[in-house]
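Chemist: Need the 3D shape of this:
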Amino acid sequence: MKLRHLVVTLAVGLAFNVNANATDRGKAYVSNQDGGVTVIDLNTMTTSASIDVKGEGPRGLAISDDGKLLVVATRENGSISVIDTATNEVTRQIPVGKNPEFVRVRGNFAFVSYEPSAKGGPPPAPGSAAAKEAEKEAEDDDAEPARIGIIDLKLGKKVREIVGGPETEGIEFSKDGKQLVITNEADNTVTVHNMKTGKLIKTIRTHEYGDRPRGVKVSPDGKTYVVTLEYGNKFMVLNKDFKVLRTVDTGATPYGIAYDRKGEHIYVAANKAKTLEVFNAKTYEKVKQVTTGNRCWHFSFTPDDKDILLACGKSDAVFVIDTEKLEVTKQIEDKKMPWGVVTYPKSSGSLDKPL
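Modeler: Purely as a prediction, here's the structure:
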C-alpha cells in the first residue's frame, strides 16, 4: 500500500510540474545603457532580477538557442559578457573591439558589430556641417570600416571577422544561413556577405530612398527583407535577391523592425514619432499605430505572441503592448535607460527571432 501510495503521489506531482511548465510564459532580458541587464518574469510582467554584466554601456544582447547563455555587448570595455542564465552570473568576458553594439547568436557563434574608428557621441543632424564631415570621412579610402566579430562561444574567443561598412548597425541572417546582411548607417548602404568566407556579395545603396539604414529583418518565409531608413522616415522592402521592391512611409526616425511569427504583419518602432506602427505584410498598408514613450528603439514579442515588450530609453520603462488590442497595457519601470530586449523561449523581435 505504501509503494502504491508513493507511485500515485509521484504521478500527481509529475502531472503538476508538466502543467506548470506548459503555462510558463518565460523570461525577457532587457539591456540598460546606464546599468546592467534586468530580467522580467513574463508570468507576472515584473522585474525578477538584475544582472551585473561587468562592463558599462550594455546595448546589444542575444540568447543562445538552448537558452543557457545570454551574450551582452559592453561598449566601454570593448567586450561581450557571457552570462549563465541559471545563475545570472558572468562566466566569461571576451574582447571584441572598440564600441561593440549589435549582437546575434547562431549555433555556437556570436556575431558582434564593432567600430574600430568610432568617435562616440550622438549622430550629427542631417545636412549639418558635422554630418557632411562625417560623410567625407566615410568616403575616405583610409577610413577604417566597422567589422562583425565572430566569437566561438565554446572556445571563448574571437575566431574571425567580416568587414562591413562605416558604422555597421543591424545584422540579419538569410533564411538558409548562407548569407549575412548588415546595415551600415554612415555610408547609407546595406551589404550582403558570404557567411563562411565573409566575402562581399552585394551592396545596396539607400540614399535615393533615405539615409541611415538601421534595422533589418528577413520574413519568416525568407522571400523578403525589410530595412528601416532612420533619416528617410520609411522602410525599404527587398526581395530574396536584394532587389529594392518599394519603400513604405513610417513615422519619424524608424529604428527597430520585425515581422510577426507568421509573417502577416510588420512592426516598426518610430523613435521620434513615439509610436509602434503595424503594417500589413502583403499590402504594406498601415493597420494601426500605438502611442508609446520616448526613444523606443527595440522590441520583442513574448514567446506566446500575446504581448510586445518595447524598450523606451528616455522613458526609463518597458512598455507592454497587447497584440490583439494593440494597446499599451502596462509600463514596467526601469530607471537605467533600457535599450534592447530579447526573450526565452525565443520570439520575434527587432533583435532576435524564433528558431
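
Chemist: which ones are touching residue 253?
Modeler: Listed by C-beta atoms under 8 Å, 6 or more residues apart in numbering, the contact set of residue 253 reads 230, 231, 233, 270, 271, 272, 273. To be clear about C-beta, it is placed using only N, CA and C from the backbone, and glycine gets the same treatment.

Chemist: repeat for residue 78
Modeler: Listed by C-beta under 8 Å, 6+ apart, the contact partners of residue 78 are 95, 96, 97, 98, 99, 100, 114.

Chemist: Out of those, which end up buried?
Modeler: Neighbour counting over the contacts of residue 78 (16 or more other C-beta atoms under 10 Å) leaves 96, 97, 99, 100, 114 as the buried ones.

Chemist: Thought residue 346 was touching residue 355, still the case?
Modeler: Yes: using C-beta atoms under 8 Å, residue 355 makes contact with residue 346 at a distance of 6.0 Å.

Chemist: where do the contact lists of those two overlap?
Modeler: Common neighbours of residue 355 and residue 346 are listed as residue 65 (criterion: C-beta under 8 Å, 6+ apart).

Chemist: So for the two, which sits in the more crowded spot?
Modeler: For the pair residue 355 and residue 346, the greater number of neighbours falls to residue 346 (21 against 7), based on other C-beta atoms under 10 Å.

Chemist: coming back round to it: now which of the contacts of residue 253 would you call buried?
Modeler: The neighbour-count test (16+ other C-beta under 10 Å) applied to these identifies 230, 231, 233, 270, 271, 273 as buried.

Chemist: May I see those residues organised as a markdown table, with distance to residue 208 and pLDDT added?
Modeler: As requested, these are arranged in a markdown table below (distance: C-beta to C-beta, whole Å; pLDDT from 0 to 100):
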| residue | distance to residue 208 | pLDDT |
| --- | --- | --- |
| 230 | 15 | 97 |
| 231 | 13 | 97 |
| 233 | 14 | 98 |
| 270 | 21 | 98 |
| 271 | 22 | 96 |
| 273 | 23 | 98 |
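
Chemist: Can you tell me which of the residues you listed lies closest to residue 301?
Modeler: residue 270 (17.8 Å; C-beta to C-beta).

Chemist: if we look at the sheet, which residues does the closest one bridge to?
Modeler: In this structure, residue 270 bridges to residue 254, residue 275 when assessed by DSSP bridges.

Chemist: which ones are touching it?
Modeler: Residues touching residue 270, when contacts are defined by C-beta under 8 Å, 6+ apart, comprise 250, 251, 252, 253, 254, 255, 276, 277, 289.

Chemist: Which among the residues you listed count as buried?
Modeler: Taking 16+ other C-beta under 10 Å as the criterion, what is buried in the contacts of residue 270 is 250, 251, 253, 254, 255, 276, 277, 289.

Chemist: got a markdown table for the residues you listed, with distance to residue 29 and pLDDT too?
Modeler: Below are the buried ones among the contacts of residue 270 laid out as a markdown table (distance: C-beta to C-beta, whole Å; pLDDT from 0 to 100):
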| residue | distance to residue 29 | pLDDT |
| --- | --- | --- |
| 250 | 27 | 98 |
| 251 | 27 | 98 |
| 253 | 25 | 98 |
| 254 | 24 | 98 |
| 255 | 19 | 97 |
| 276 | 20 | 98 |
| 277 | 25 | 98 |
| 289 | 27 | 97 |
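
Chemist: Is it possible to get TSV of these that adds distance to residue 180?
Modeler: As requested, the buried ones among the contacts of residue 270 are arranged in TSV below (distance: C-beta to C-beta, whole Å):
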residue	distance to residue 180
250	25
251	29
253	25
254	22
255	20
276	27
277	27
289	31
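
Chemist: Among those residues, which one sits closest to residue 40?
Modeler: Ranking the buried ones among the contacts of residue 270 by separation from residue 40, with C-beta to C-beta as the measure, puts residue 276 on top at 17.6 Å.

Chemist: Tell me, how many residues neighbour the residue nearest to the closest one when sequence neighbours are not counted?
Modeler: Sequence neighbours aside, residue 290 is the residue nearest to residue 276 in space, at 4.5 Å (criterion: C-beta to C-beta, 6 or more residues apart in numbering). When neighbours are defined as other C-beta under 10 Å, residue 290 has 19 of them.

Chemist: So which residues of the stretch 1-150 of the chain form helices?
Modeler: Chain-ordered helices for the stretch 1-150 of the chain, with DSSP state H, counting those that start in this stretch as the definition, fall at 2-22, 129-139.

Chemist: Mind telling me which of those the model trusts least?
Modeler: Comparing mean pLDDT across the helices of the stretch 1-150 of the chain, the weakest is helix 2-22, with a mean of 47.

Chemist: now residue 88: how far from residue 29?
Modeler: Summarising the geometry, the distance separating residue 88 from residue 29, computed by C-beta to C-beta, to the nearest Å, is 10 Å.

Chemist: between these two, which one's more packed in?
Modeler: More crowded of residue 88 and residue 29, by other C-beta under 10 Å: residue 29, with 24 against 17.

Chemist: Hmm, residue 163 is touching residue 145, no?
Modeler: Yes: the pair residue 163 and residue 145 qualifies as a contact (C-beta under 8 Å) at a distance of 5.5 Å.

Chemist: So between those two, which is more surrounded?
Modeler: Between residue 163 and residue 145, counting by other C-beta under 10 Å, residue 145 is the more crowded of the two (18 against 15).

Chemist: Can you add pLDDT and distance to residue 240 and give the contacts of residue 78 back as JSON lines?
Modeler: Shown next, in JSON lines, are the contacts of residue 78 (pLDDT from 0 to 100; distance: C-beta to C-beta, whole Å):
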{"residue": "95", "pLDDT": "96", "distance to residue 240": "36"}
{"residue": "96", "pLDDT": "96", "distance to residue 240": "30"}
{"residue": "97", "pLDDT": "95", "distance to residue 240": "31"}
{"residue": "98", "pLDDT": "94", "distance to residue 240": "34"}
{"residue": "99", "pLDDT": "93", "distance to residue 240": "32"}
{"residue": "100", "pLDDT": "95", "distance to residue 240": "29"}
{"residue": "114", "pLDDT": "95", "distance to residue 240": "28"}
